[in-house]
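Asks: model this:
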Amino acid sequence: MHRLAAVPAARLHLVLMLALTFSTGLVDAVGYLGLDRVFTGNMTGNVVILGMALTGADDLPVLGPALALVGFMAGAALGGRVLRTARPGWTNRTTVLFGAVGTVMLVVGGLLLGFSSDLTDAGIVTTTTVLGAAMGVQAATARFLAVKDVTTVVVTSTITGLAADSVLGSGQGGGSARRAGAIVLILLGALFGAAALHVHLGAGLLVSAAITLAVSATGHLHARG
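Replies: Now for the predicted structure:
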């Protein structure tokens, strides 16, 4: 406990948000590869898929991405509402929100372990919508903590900053390690999530739940310390 309390808050928050970035890669791999090509964290991907699907391209889904987007926005709005009057930094509200995200992942992963073979189209859409809402809560909470270049759910702006500030760009190079870490971790998360599908549809979500709950507990203990 004393060692954890000695870690600077900014450094710990960076590590925890990077862990959630890895977790997002897991969840998105499960959603896209295992649940009818729906991203539950990367809403840019969902918007693009939805746009292409509306033209009938490649039999892409319409309802799944649309409802995941709605769920994500509802979750983000909920997170913003809960944190509206919170003081800056990690608070009990932060712990509760991340804990809620981890619990949703745990419940959904557990349900998939038992019922994945019986999932109907309605079940798949419901699952991706719930996961989208959970990721919206996570994104809003991570945004509140404001760890630079680490949103936990998307790395497009991170890639832009890495390239723009590289020696081939402005040459400033600030935050390159942090940005590269976020990119690599979401990549590894997606890789691990795709591999976990060979074990079971719910396996990746259970790993994501464990990571998210560990992040919630670690952040809470540090804040108390």
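
Asks: Mind pulling up the pLDDT for the residue nearest the centre of the chain?
Replies: By CA atoms, centre = their mean, the mean C-alpha position of the chain lies nearest to T24, the distance being 3.4 Å. Note for T24: predicted pLDDT of 97.

Asks: Would you agree it is in contact with V153?
Replies: Yes - with contact defined as CB atoms under 8 Å, T24 counts as touching V153 (5.2 Å). From N, CA and C alone the C-beta is placed, and that goes for glycine too.

Asks: Quick check: neighbours shared by these two?
Replies: 41-42, 135, 138 (CB atoms under 8 Å, 6 or more residues apart in numbering).

Asks: Tell me which of these fall in helices.
Replies: Among the shared contacts of T24 and V153, DSSP state H puts 135, 138 in helices.

Asks: out of the shared contacts of T24 and V153, which one sits closest to G75?
Replies: Distance ranking of the shared contacts of T24 and V153 against G75, using CB to CB, places M135 first at 6.7 Å.

Asks: Give me the distance between that closest one and A196.
Replies: From M135 across to A196, the span is 17 Å (CB to CB, to the nearest Å).

Asks: can you check A190 too?
Replies: Relative to A196, A190 is positioned 11 Å away (criterion: CB to CB).

Asks: okay, and the common contacts of these two?
Replies: Shared contacts of A190 and A196, counting by CB under 8 Å, 6+ apart, come down to 26, 29.

Asks: Quick check: buried residues in stretch 166-175?
Replies: The neighbour-count check on stretch 166-175 (16 or more other CB atoms under 10 Å) flags G175 as buried.

Asks: Figure out how far it is from the centre of its chain.
Replies: 27 Å (CA atoms, centre = their mean, to the nearest Å).

Asks: Name the nearest residue to L188, ignoring sequence neighbours.
Replies: Spatial nearest neighbour of L188, excluding adjacent residues (CB to CB, 6 or more residues apart in numbering): F22 at 6.2 Å.

Asks: cool, G109 as well?
Replies: Counting by CB to CB, 6+ apart, the residue nearest G109 is L205, at 3.3 Å.

Asks: In which helix or strand does that neighbour reside?
Replies: helix 203-224 (DSSP states H and E).

Asks: so what does that helix touch, helix or strand wise?
Replies: Here helix 203-224 touches helix 2-6, helix 9-29, helix 92-115, helix 176-196, going by 3 or more CB pairs under 8 Å, 6 or more residues apart in numbering; DSSP states H and E.

Asks: Poorly predicted segments of the protein, please.
Replies: Where the chain drops to pLDDT under 70, the residues are 1.

Asks: Please repeat the previous calculation with a cut-off of 80.
Replies: Applying pLDDT under 80 to the chain flags residues 1-2, 57-58, 117, 168, 171-175.

Asks: I'd like the shared contacts of T24 and V153 written out as a markdown table, with neighbour count added.
Replies: Formatted as a markdown table, the shared contacts of T24 and V153 follow (neighbours: other CB atoms under 10 Å):
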| residue | neighbour count |
| --- | --- |
| G41 | 31 |
| N42 | 25 |
| M135 | 32 |
| Q138 | 32 |
